[in-house]
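The sequence isn't on hand, but the structure is:
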Ligand code: ATP
Ligand code: MG
């Protein structure tokens with residue numbers, strides 16, 4: 001349990017003005033984050049709790065794909081980035097001089113590390129197929145960083161890489177990843193407004209990549225959704241915007257929505273395995289190419305999307321499975337022991353509790369902070385409620401209350 005009297009930060013009286021979105025203002029007001037400098041934030045305890053829960057959901061679904069978790073370095077030498085000719089060509093790559101006259105990159109993505117790493121383990125067809133993933137900070141020298149957590153120069157990503165014997169087996173794994181991604185966004189409460197969107201495969205392949213786009217009025221992307229078969233297309237692949245025709249069913253009937261890219265699946269094919277000479281000997285003794293795909297989820301961005309997507313006029317609203325706590329107990333007067341007893345009882349039922357035992361904070365302030373923080377259930381413990389022998393459980397999402405015996 002977390003006691004607010006022992007907690008070093010305070011909610012702000014009003015939401016600081018952040019230019020383009022309200023959720024970042026609310027997160028600042030509700031002591032979830034503090035800005036260090038432009039586009040750089042400290043994550044405070046409540047935000048970190050949400051982050052860990054999102055990470056765990058992602059982890060569980062990645063593990064269900066038999067992918068193994070690894071952790072690669074944030075730093076990587078210039079020579080490695082030159083192998084794939086990306087030292088100069090990636091415009092967002094941070095270049096870092098080091099003391100031994102060497103230069104390093106702060107990695108914006110990890111294909112250039114994971115491919116040589118995994119090629120060490122792959123000689124024969126028996127060594128394939130597999131996936132590895134990590135949850136790690138990425139660095140990108142973004143030209144258009146945003147004031148919120150939407151587009152940072154440092155951000156948290158889950159990146160999964162899979163290695164395959166052929167295009168066919170790769171495509172079947174990819175179908176499994178799509179199922180896992182649907183589960184992730186479903187468990188995060190976003191699936192009903194998240195579209196698996198066809199996007200460009202860039203110069204790696206003629207196949208499309210797939211972006212997971214969540215409809216959001218302040219999103220940076222524009223997606224074209226076919227009204228008949230619901231296939232979504234990123235604006236970048238819609239040739240003639242005024243003459244949209246669905247790539248799947250040819251219908252011209254469509255709607256256009258603003259959206260935010262929360263994840264993507266990218267067919268890398270042999271772009272990196274060729275560069276690092278990653279090959280395998282098949283059962284027919286022929287040397288063959290290894291096929292590779294990568295699959296990202298922007299963990300820190302998705303957290304912000306959830307905040308923005310669910311907030312209401314009173315503040316943040318967290319889905320119960322990722323909320324920093326499930327219950328917020330407001331303690332009035334000298335009833336802390338009683339509140340702790342109740343918190344212990346709730347914890348034995350796997351609930352998580354914040355006790356608001358701050359002194360000299362009046363009831364109205366505590367109640368509005370409970371709403372601002374977005375905790376799913378609120379309980380009041382006072383002399384009056386104790387006399388009755390029951391407490392009221394109020395849900396964040398409605399005015400209705402439940403009466404529960406103490
Ligand atoms: P975008 O189109 O938004 O620039 P991207 O296509 O470059 O993203 P990837 O490199 O595939 O994205 O990264 C995987 C995921 O990481 C994205 O789907 C997005 O959710 C997230 N992401 C990418 N860049 C940032 C950033 N600067 N800040 C926060 N999250 C990001
Ligand atoms: Mg993109």
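Looks like it arrived, so ask away. As the structure is a prediction and not an experimental result, all values here were calculated from the model. Numbering: from 1, shown residues only. Ligands and ions are numbered 1, 2, ... in the order given.

okay, CA-based contacts and neighbour counts for the rest of this
Fine.

Contact residues of this protein facing ligand 1?
Within the chain, the positions adjacent to ligand 1 are 150-153, 155, 157, 261-264, 296-298, 301 by CA under 6 Å from any ligand atom.

so residue 40 touches residue 155, yeah?
No: Residue 40 is beyond contact range of residue 155, at 9.1 Å (criterion: CA atoms under 8 Å).

Could you check which of these two has the larger neighbour count?
residue 155 (21 against 17; other CA atoms under 10 Å).

Am I right that the more buried one sits in a strand?
Yes: assessed with DSSP: H, G, I helix; E, B strand; the rest coil, residue 155 lies in a strand.

Now for it: which residues touch it?
The contact partners of residue 155, by CA atoms under 8 Å, 6 or more residues apart in numbering, come to 137, 138, 139, 298, 299, 300, 301.

For residue 268, which non-adjacent residue is closest in space?
Distance criterion CA to CA, 6 or more residues apart in numbering; nearest residue to residue 268, sequence neighbours excluded, is residue 293 at 5.0 Å.

Helix, strand or coil: sort out the one you found for me.
Strictly by three-state DSSP, residue 293 counts as strand.

Sort out which residues of the biggest helix by length in the chain are buried, please.
Looking across the chain with DSSP state H, the single longest helix is helix 167-187. Neighbour-count burial for helix 167-187, with 16 or more other CA atoms under 10 Å as criterion, is recorded at 170, 173, 174, 177, 178, 180, 181, 182, 183, 184, 185, 187.

May I see those residues arranged in JSON lines, with pLDDT as well?
Shown next, in JSON lines, are the buried residues of helix 167-187 (pLDDT from 0 to 100):
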{"residue": "170", "pLDDT": "92"}
{"residue": "173", "pLDDT": "94"}
{"residue": "174", "pLDDT": "92"}
{"residue": "177", "pLDDT": "96"}
{"residue": "178", "pLDDT": "96"}
{"residue": "180", "pLDDT": "98"}
{"residue": "181", "pLDDT": "98"}
{"residue": "182", "pLDDT": "98"}
{"residue": "183", "pLDDT": "98"}
{"residue": "184", "pLDDT": "98"}
{"residue": "185", "pLDDT": "98"}
{"residue": "187", "pLDDT": "98"}
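
The residue nearest to residue 268: neighbouring residues, count only.
There are 23 residues near residue 293, going by other CA under 10 Å.

Residue 120 too?
Counted with other CA under 10 Å, residue 120 comes out at 9.

contacting residues for it?
Contacts of residue 120 by CA under 8 Å, 6+ apart: none found.

how about the helices in the chain?
Secondary structure of the chain, counting by DSSP H: helices at 22-29, 45-63, 78-83, 111-119, 167-187, 271-275, 299-310, 336-348, 363-373, 383-388.

Now do the longest one: which elements does it pack against?
In other words, helix 167-187. helix 45-63, strand 154-164, strand 291-297 (3 or more CA pairs under 8 Å, 6 or more residues apart in numbering; DSSP states H and E).

centre of the chain versus stretch 8-22, how much separation?
22 Å (CA atoms, centre = their mean, to the nearest Å).

Could you do stretch 158-177 as well?
Counting by CA atoms, centre = their mean, stretch 158-177 comes out at 21 Å from the chain centroid.

that older thread, tell me what the residue nearest to residue 268 is bridged to.
Residue 293 has these beta-bridge partners by DSSP bridges: residue 162, residue 267.

Just confirm it contacts residue 273, I think it does.
No: counting by CA under 8 Å, residue 293 sits too far from residue 273 to count as a contact (10.5 Å).

pLDDT below threshold where in the chain?
9, 147, 203-205 (pLDDT under 70).

which ones are touching the residue nearest to the spatial centre of it?
For the chain, residue 299 is the residue whose C-alpha lies nearest the centre (CA atoms, centre = their mean; 2.2 Å). Contacts for residue 299 were tallied using CA under 8 Å, 6+ apart; they are 51, 54, 55, 155, 156, 157, 158, 262.
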